[in-house]
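Trainee: A predicted structure for the sequence below; I have some questions about it.
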Amino acid sequence: MFFRKREKGVSGDSPQSVCKVLAAKRDAQLAVCLLLVVFVSVLAATCWQIWSERQRTLAEIDTNNRNLAQTLNTYAEGVLTQSSMLLLGMLERLEVEGTSPDHLLRMQQLVNRQEHWLNQLHELLVIDAHGKWLMSSRGGFPAGANSADRSFFLHHRDNASPDVFIGAPIRSRSTGEWVITVSRRFEDGQGHFGGVIVVALGIENFLRLFGKIDI
């Protein structure tokens with residue numbers, strides 16, 4: 001009987017009460033929808049801001065990396081240009097004055113006086129037409145030292161071009177350190193292949209400089 005009375009009471013509610021209940025439900029639904037719209041809008045705006053900031057940061061990093069690469073490239077080109085100029089000066093002396101012991105000693109002393117201008121210089125070598133070492137800017141060198149099998153020597157022996165040749169990294173036979181070679185061909189008094197003059201640049205010097213860069 002209790003439930004029947006309740007049902008009777010509900011069915012007997014006035015139209016105004018029913019309208020109020022429906023209006024309250026509609027308002028609650030609208031409020032929920034509004035909150036969802038606000039939440040989605042804030043989320044979308046936050047995601048867009050994060051994405052935009054990420055893109056801007058990546059663009060700045062890319063620009064900085066390009067500038068750094070250009071700077072390092074310019075530095076490396078400067079070192080190679082200095083090496084080429086040093087080789088050119090020594091080459092003219094070799095072709096004019098020859099490879100006598102006295103002349104080679106003067107060349108060694110001249111290179112040593114210029115060494116502070118090229119901090120990356122590891123060694124300057126004069127090699128004859130058979131690959132035998134004639135002079136090293138470091139002074140003494142291993143007895144019987146020979147570079148006839150080196151790629152730079154083979155290049156100049158088989159190619160009459162006077163252009164500079166930049167070789168791949170190799171280990172120095174005087175110190176065992178890794179170096180990059182910059183070399184030129186020189187000719188004897190009869191215009192034949194006389195040998196190679198080569199500058200060895202220490203890779204460790206480049207790595208030490210590049211290692212100081214905070215990226």
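Mentor: Nice, I can see it.
Trainee: gap between the residue most central in space within the chain and T81?
Mentor: The chain has A69 as the residue nearest its centroid, 5.7 Å off, counting by CA atoms, centre = their mean. Distance of A69 to T81, computed by CB to CB, to the nearest Å: 18 Å. No exception for glycine: its C-beta is placed from N, CA and C like everyone else's.
Trainee: cool, L110 as well?
Mentor: 19 Å.
Trainee: before we move on, what about R113?
Mentor: Distance from R113 to T81, counting by CB to CB: 20 Å.
Trainee: Those two: who's more crowded?
Mentor: In terms of neighbours (other CB atoms under 10 Å), T81 is the more surrounded of R113 and T81; the figures are 12 against 9.
Trainee: The more buried one and N146: what is the separation?
Mentor: 29 Å.
Trainee: got it, and F210?
Mentor: The gap separating F210 from N146 is 33 Å, by CB to CB.
Trainee: Where does the residue nearest to the centre of the chain fall, secondary structure wise?
Mentor: helix 15-97 (DSSP states H and E).
Trainee: Mind giving me the packing neighbours of that helix?
Mentor: The contact analysis (3 or more CB pairs under 8 Å, 6 or more residues apart in numbering; DSSP states H and E) places helix 15-97 against helix 101-114, strand 121-128, strand 178-187, strand 193-202, helix 203-211.
Trainee: now with 10 Å?
Mentor: Contacts defined by 3 or more CB pairs under 10 Å, 6 or more residues apart in numbering; DSSP states H and E place helix 15-97 against helix 101-114, strand 121-128, strand 133-136, strand 165-166, strand 178-187, strand 193-202, helix 203-211.
Trainee: Out of the ones you listed, which is closest to Q16?
Mentor: Of all these, helix 203-211 sits nearest to Q16, with 84.0 Å by CB to CB.
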